[in-house]
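> Sequence and predicted structure below; questions after.
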Amino acid sequence: MKHWLSSLNDLGNQLTALYLLLSIPFMAASFIGNKLIDQINAQAVALQVEKTLVLFNITILVLFLLVSAVYWLVIYKQIINPIKKAFPVNKAVSQSNPMDEKQKKILEHFSTRKDQIGQLAKCMLTMDEAIASRSREQEILFETSAAVIASLDPQTVLDRILEQVERLLGVQKSAIVALDQSRGIFSIWAGRGLSEKYMRELTIQPTDPKSITMRALNGNLPLQISNVEEDESFAPYLKRALKEGFSSLLVIPFNTHHAPPSALLVYRSEPHVFSKTEIQTLERFANHATMAIENAILFDRSDTQLHAQTLRLEALVGSLNDGLILSDHDGNVVYANRRISELAGLSTEKIKGISVRQTLRNIFIKLPDPETSQDLIRTILTLEDGQRIRISLKESGKTIDLQLHVFDVTDQQGTPTGNGLILQDITADQELDRMRSSLVATVSHELRTPLASIKGYASTLLAEDVSWDQTSQREFLEIISNEADRLTNLVNNLLDLSRIESGDFKLSYDECPLEKLIIHAAQGAKLQADNTFDVHIDPGLPPLFADSQRLETVLRNLIENAVKYAGELASIRVEVTYQKEPKNLHIFRVFDNGPGIPQEEHKRIFKSFYRINDDLTRLATGTGLGLAICQGLVQAHGGEIWVEPKESGTCIAFSIPSCDLR
């Protein structure tokens, strides 16, 4: 613009000089003519002179106009027209837009001139080249930044950063070095054009004062080594650099806040001084790359945390003993846990996407009546939020009780997003209810029978209208005493079971005389006259230290059960052996020749109030507490109790750890 103003000023000065030059003859002629007119008195001469002067003035004026026209024509062609043509170019340059080819050709034509217009054209061409270069740089930065932020995978982001660095500077070797927080050293996270060995072995100590990487990171500014062979600070690493094949190095630190400290390393195979433009370009790119790295790492962290939380939640829901189905508004399953998979006989992958109706059909196929199954499914599908229904199914030969609960699934704003269905296994609760009912009935019966006997015989003895002899009175009193003992045993059993289940149970250890203890237990079990009883204790057993009273209770209950179920001709045998491996154990076994216990009942019989539901147990009285108490007392000693399989009869065994407390 200054060149244009200078040219216009010179043009004005030249026009002024020309005007003055052409005006001088005219003014001189006018002055001389006027003098002559004054001096010539003759009218003819004056007229002739006047005509000559007029003609001269007209000639001068025409000449002036012609010269002015030629001059202005030259000015227009040489100055005004070039400026007019350069104006659109100037407008484009002022808006930082590159010139088109036509505008460039015009300026290139004017640039051959040696005057100010030529200088102005050259200046504008230089500006256009700078704008084009900056535009190309901005375009590349935009494209590289877009390529870098296109992914949220950390490794992909790092690899793309190095790809774009190669594009920006045309380098063949580059790397990103970052702090390995687990090891406390800097290592290469991503590399391009470098050998695997170099990338694997390059490590930088954060306290290394000679490392150009650490100096760049600590100072937070780019550093370069234009020739590694001439830089003394690089001497410790020169051999490695020459082996890898680079002679110059530039380090650009990343200004990270949410990612480990890291830096970009750019290598050249020849000595090279990185220009200010190259460094600034990489710095601008590094700012974009830093954001991409931090976004990727933050996303990876949040994604990892979310994935871990999802896995924990899925594991928690999947391990529930209750079944869970989540469905969309169309009634298709979007999630089902393992329990539903087990009930439906389908994998969780196969259940996803099928209808809730089909899933329930697979579950209720175990119902004996198909019509009942269809009616039940129709009822369930019409249930509303909060409604429940109870059903019973057969699973692995057992009856399971389920409570089906329907609920609405909503988002945080309370908007319904689907439906949920929980199949809660209430078998244990139902069993507990049955056990409670059984307890009330059993205890009532067990209490009523001895109380009735006691009341009856006591009333008989107190009757005033009858006199009983001494023998009868004694018989009646013995019956009353036995029934009272029976009541006492029942109460003691209930108290023992309560202490065992509450954990408020203490053992008193002493050395147990095994044979005497077994005989005493058999006597308490009230063997019948035709029963046979045998005891076998392995010779050389080490002494057993246990709670003698509790151990006798266990044996008495087992022998009593054998007498009760084997009947009048029961043959009972108690064996005691010793097992040294894997632990020092005394093993007790109680055999009988009774009807035996079914395999599927072997574990259930040790539950409180549980009795096998068959004809034999209905004939035999009992509360169903004896084996539960045995299990509690044995486990209190640190032992185990179990049913050993036999072809005929029953064998119940238990172990007591051999503790020498002497």
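Cool, got the structure.

> Against which helices or strands is the strand or helix carrying Gln280 packed?
Assessed by DSSP states H and E, Gln280 sits inside helix 276-318. For helix 276-318, the packing partners by 3 or more C-beta pairs under 8 Å, 6 or more residues apart in numbering; DSSP states H and E come out as helix 116-148, helix 154-169, strand 248-254, strand 262-268. The C-beta positions use only the backbone N, C-alpha and C, and glycine is treated the same way.

> ok, then the element right after it?
That would be, after helix 276-318 and using DSSP H and E, strand 323-327.

> What's the first helix or strand after that next one?
On the C-terminal side of strand 323-327, the closest following helix or strand by DSSP H and E is strand 333-336.

> And the contacts of that next one?
Contacts of strand 333-336 with the rest of the structure, by C-beta atoms under 8 Å, 6 or more residues apart in numbering, involve 323-328, 344, 348, 351-356, 359, 418.

> same thing but at 7 Å, please
For strand 333-336, contacts defined as C-beta atoms under 7 Å, 6 or more residues apart in numbering pick out 324-328, 348, 351-354, 356, 359, 418.

> Tell me the spacing between Ser187 and Ala263.
12 Å (C-beta to C-beta, to the nearest Å).

> Actually, Phe364.
Phe364 is 65 Å from Ala263, by C-beta to C-beta.

> Spatially central residue in this structure, please.
Nearest to the geometric centre of the chain sits His307, at 1.8 Å (C-alpha atoms, centre = their mean).

> show me the contacts for Val576.
Contacts of Val576 were listed using C-beta under 7 Å, 6+ apart, and they are Leu514, Ile537, Asp538, Leu541, His586, Phe588.

> What lies in contact with the longest strand seen in the chain?
What stands out as the longest strand in the chain, according to DSSP state E, is strand 398-410. By C-beta under 7 Å, 6+ apart, the residues outside strand 398-410 that reach it are 326, 380, 383-393, 416-427, 430.

> Only whichever of those residues are buried, select them in ChimeraX.
The ChimeraX selection below is limited to those of these classed as buried (16 or more other C-beta atoms under 10 Å):
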select :326,380,383,391,393,418,419,421,422,423,424,425,426,427,430
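
> about what we covered before: so can I have TSV of the contacts of Val576 showing pLDDT and distance to Glu244?
Below are those laid out as TSV (pLDDT from 0 to 100; distance: C-beta to C-beta, whole Å):
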residue	pLDDT	distance to Glu244
Leu514	91	83
Ile537	92	84
Asp538	91	79
Leu541	89	79
His586	93	75
Phe588	95	78
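
> so which of those residues comes closest to Met199?
Proximity of the contacts of Val576 to Met199, judged by C-beta to C-beta, is greatest for His586, which lies at 67.0 Å.

> hang on, that closest one in a helix?
No - counting by DSSP: H, G, I helix; E, B strand; the rest coil, one finds His586 to be strand, located in no helix.

> in the sheet, who's paired with it?
Counting by DSSP bridges, His586 forms beta bridges with Tyr578, Ile656.

> Quick check: it vs Val356, distance?
57 Å.

> Over to Phe56?
As for Phe56, its distance to Val356 is 119 Å (criterion: C-beta to C-beta).
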